[in-house]
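Engineer: what's the 3D shape of this:
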Amino acid sequence: MSIVFRLPCGQRARFGAASEAGKCLRHTPDLARCIRRVMTEPAFCIFITTVCEGSVPSVRDGDGKPCVFKTEIEAQREIADFVMTRLQEFIDGHRDFEDAMTVEEYVVPVDVHPDGSIVDVDGNRFGAESN
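Structural biologist: This is a model prediction of the structure:
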């Protein structure tokens, strides 16, 4: 049985035993970051800045987990869809003009963990919210 690690340079290293890996990887900088990258997937999330909590995911799924998008353009299109909905609500008389025209959401690159939680570029982790 061999052990495979992805190193900081993006290369993979194969070791015959854990002890052999430990000797070599002890000198590898940013090992935790490399292992984390292997276990997570990059994605994009829509955030909003709140007064009390700061930057937080603004869109969540039915389980309370942050919604993630595979590409930045997908997330941007979702924001555009929000804006068009708000503008239509203004036209229909259900929303004020300034409220309809204000775009507070923005796209942030995140790492998605196997449990569905995300980590933003500042290292903040967001999981499922309880209702």
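Engineer: From here on, just use CA atoms for contacts and neighbour counts.
Structural biologist: OK.
Engineer: Mind pulling up the pLDDT for residue 18?
Structural biologist: pLDDT recorded at residue 18 is 51.
Engineer: Name the surrounding residues that touch the lengthiest strand in the chain.
Structural biologist: For the chain, the strand that runs over the most residues, judged by DSSP state E, is strand 41-50. For strand 41-50, the external contacting residues (Cα atoms under 8 Å, 6 or more residues apart in numbering) are 54-59, 66-72, 75, 79, 104-113.
Engineer: What count of nearby residues applies to residue 109?
Structural biologist: Number of residues near residue 109 (other Cα atoms under 10 Å) recorded here: 19.
Engineer: can you check residue 56 too?
Structural biologist: That count, for residue 56 with other Cα under 10 Å as the rule, works out to 18.
Engineer: And for residue 57?
Structural biologist: With other Cα under 10 Å as criterion, residue 57 counts 22.
Engineer: how close does the nearest residue to it once chain neighbours are set aside get to residue 88?
Structural biologist: Leaving out its chain neighbours, the residue that sits closest to residue 57 by Cα to Cα, 6 or more residues apart in numbering is residue 47, at 4.2 Å. With the distance defined as Cα to Cα, to the nearest Å, residue 47 ends up 22 Å from residue 88.
Engineer: what lines up beside the longest strand of the chain in the sheet?
Structural biologist: Strand 41-50 pairs in its sheet with strand 54-57 (antiparallel), strand 68-69 (antiparallel), strand 106-112 (antiparallel), by DSSP bridges.
Engineer: For the first one, which outside residues touch it?
Structural biologist: To tie it back to what came earlier, the one meant is strand 54-57. Among residues not part of strand 54-57, those counted as contacts by Cα under 8 Å, 6+ apart are 45-50, 66, 126.
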